Every structure is written in structure tokens, then in C-alpha cells.
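**Student:** Fold the following.
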Amino acid sequence: MLITCVTTTLAKSGLGIHKNKIVLTADSKDEFVEKISALLEDENLYAELSKSARDYVQQSFSWREAVVKLDLFLNL
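**Tutor:** Reported below is the predicted structural model:
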């Protein structure tokens, strides 16, 4: 399943997301309305962001990536 996200700047920083092509950022009610409307109106934008988000999650939070990070942490 492909979904996309509109989040705050603070939440985005907590996820370690640095690219703007993964999520849309909004910090006010009006910005949220604008960004959500853009996603609903632009199928290409929705498709691009949702695929990028899925790729990011698969690369950053997979079991394989978790094991690599754990190995580095434990110096194995």
C-alpha cells in the first residue's frame, strides 16, 4: 500500500527525513489545508511522494537495516 504524509517540521526532524520529496511539511492549519488539498488534486504528486515515502521506510527501517545499525553499535 502506498500512502503519503503531511507532517510538522518538528515531526519531520524526528524521523530523520531531510528530503522534501518524501513528506509534505505544514506548521499551521492553513498550510495543512493547502498541502492536503494539493495531494487530493494532483495524482502525480501523491504517487511520487507515496512511492518515495515507501522506499524511505523500506531502506531506513527494514530488518536488514536494523541489524546493520545494531552491528555497528555493538562493533561486531
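**Student:** Show me where the chain dips below the pLDDT cut-off.
**Tutor:** For the chain, residues meeting the criterion pLDDT under 70 lie at 19-20, 76.
**Student:** ok, which stretches of it are strands?
**Tutor:** 6-7, 24-25 (DSSP state E).
**Student:** Any idea which of those gets closest to Phe61?
**Tutor:** With C-beta to C-beta as the criterion, Phe61 lies closest to strand 6-7 of the strands of the chain, at 15.9 Å. All C-beta spots, glycine's among them, are computed from the backbone N, C-alpha and C.
**Student:** and for that closest one, what are the contacting residues?
**Tutor:** Residues lying outside strand 6-7 but in contact with it, judged by C-beta atoms under 8 Å, 6 or more residues apart in numbering, are Leu15, Val23, Leu24, Thr25, Ala26, Phe32, Lys35, Ile36, Leu39.
**Student:** For the third one, which residues count as its bridge partners?
**Tutor:** By that I understand Leu24. Here Leu24 shows beta-bridge partners Val6, assigned using DSSP bridges.
**Student:** can you pull the contacts of it?
**Tutor:** When contacts are counted by C-beta under 8 Å, 6+ apart, Leu24 is found next to Thr4, Cys5, Val6, Thr7, Lys35, Ala38, Leu39, Leu49.
**Student:** Could you do the first one as well?
**Tutor:** Listed by C-beta under 8 Å, 6+ apart, the contact set of Leu15 reads Thr7, Val23.
**Student:** tell me which of the contacts of strand 6-7 is nearest to Gln59?
**Tutor:** Closest to Gln59, out of all of these and judged by C-beta to C-beta, is Leu15, at 13.0 Å.
**Student:** gap between the closest one and Ser52?
**Tutor:** Note on Leu15: its distance to Ser52, by C-beta to C-beta, to the nearest Å, is 13 Å.
**Student:** so how many other residues sit close to Leu49?
**Tutor:** Neighbour count for Leu49, taken as other C-beta atoms under 10 Å: 23.
**Student:** my read: it touches Lys35, true?
**Tutor:** No - using C-beta atoms under 8 Å, Leu49 makes no contact with Lys35, being 10.1 Å away.
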